[in-house]
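> with the input below, show me the fold.
(chains A and B)
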Amino acid sequence: MLDDVDRRILRQWQADPTLAPADLAERARVSVGQLARRQAKLREAGVVKGVVGIIDWSTLGYAVEVSLRVTLDKTQGSAFDEFIAGARKVPEVIEIQTFLGRVDVRLSVIARDMGHYQHLYRSRILTLPHIADIEALMHVARIKSDLALPL
Amino acid sequence: MTLDDTDFAILRMLAQDAGQGAGAIGRACGLSQPAAWRRIKRLREAGVLGGQRLVLDAAGLGFGVTVFLGV
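Now for the predicted structure:
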């Protein structure tokens, strides 16, 4: 189980994964050696799965982001699996979430502009299997996107 | 900013594991270590590589439920 030292390290580490070990150790109030041992243990235990790079799509000309809430035709037992398998193949779908509730799946789709989005929507999204209903929410602003856990 | 296939390959690698050095990335993409380093630096300075994120096992840490609230 995690103790207070682990939590301190995780809090500081996730706040800035690019910190040099010496700086991270200082912020978490541990020695550099202790930090390295704790980090290795956290990785081994699977608490820390890795450090990944974040790609800012908007710098690559993807100006439009749309959240699509999809309700599936669940009379087909395989609807979820087939829909998700199809959605995975669309490169512009950058996020797939499944839900319990009125909405079954939410997709985040990025596009260069509205024309590009319309093309994607017709040729790649509406052609996905087992869609019963679909609702599009156009992103205007991302006010908070905190990927850190409240440890 | 226009990117070529090598830039995209580098982005794909770093999006999976940001801890990889320019040497390892260069080897995978057929670049020398300095050439890979220059491309990574360019991607970082252009803001395409926006930072890094620590991936934690949320369920393992006791956060087993995520709720989407649409208001």
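> please count neighbours and contacts with C-alpha atoms only from this point.
Will do.
> A:Gly77: what's it in contact with?
By CA atoms under 8 Å, 6 or more residues apart in numbering or on different chains, no residues touch A:Gly77.
> can you check what pLDDT the model gives it?
Here, the pLDDT recorded for A:Gly77 equals 87.
> on the three-state scheme, it is what?
Secondary structure state of A:Gly77, per DSSP: H, G, I helix; E, B strand; the rest coil, is coil.
> what about residue 31, how many residues close to it?
Since you didn't name a chain, this refers to chain A. 14 (other CA atoms under 10 Å in any protein chain shown).
> wrong one, chain B
Neighbours around B:Leu31, by other CA under 10 Å: 17.
> distance of it from B:Arg12?
15 Å (CA to CA, to the nearest Å).
> equivalent analysis for A:Gln76, please.
35 Å.
> which of the two has more neighbours?
Counted by other CA under 10 Å, A:Gln76 and B:Arg12 do not tie: B:Arg12 has more neighbours, with 14 against 10.
> which strand or helix spans that one?
helix B:5-16 (DSSP states H and E).
> tell me the mean pLDDT over stretch B:1-15?
Here the average pLDDT along stretch B:1-15 is 91.
> what sits up against it?
A:52-55, A:59-60, B:20, B:25, B:29, B:39-40, B:46, B:49.
> now do stretch A:27-37
A:Val5, A:Arg8, A:Ile9, A:Gln12, A:Pro21, A:Ala22, A:Ala25.
> buried residues in it?
A:Ala28, A:Val30, A:Val32, A:Leu35 (16 or more other CA atoms under 10 Å in any protein chain shown).
> ok, now stretch A:120-127?
A:Leu120, A:Arg124, A:Ile125.
> what of stretch B:57-71?
Applying 16+ other CA under 10 Å to stretch B:57-71 flags B:Asp57 as buried.
> show me how far that stretch is from its chain's centre.
24 Å (CA atoms, centre = their mean, to the nearest Å).
> residues making contact with it?
Taking CA under 8 Å, 6+ apart as the rule, stretch B:57-71 contacts A:Gly46, A:Val47, A:Val48, A:Lys49, A:Leu149.
> strands along the chain, start to end?
Since you didn't name a chain, this refers to chain A. A:48-55, A:64-72, A:93-98, A:105-111, A:131-138 (DSSP state E).
> wait, chain B was what I had in mind.
B:49-56.
> near chain B, which residues of chain A? Just list them.
Within chain A, the positions near chain B by CA under 8 Å from any CA of the partner chain are A:13-14, A:16-18, A:46-57, A:59-60, A:147, A:149.
> hmm, which of these are the buried ones?
Buried members of these, scored by 16+ other CA under 10 Å, are A:13-14, A:16-18, A:47-48, A:50-55, A:57, A:59, A:149.
> tell me, how many residues neighbour A:Leu68?
Neighbours of A:Leu68 (other CA under 10 Å): 21.
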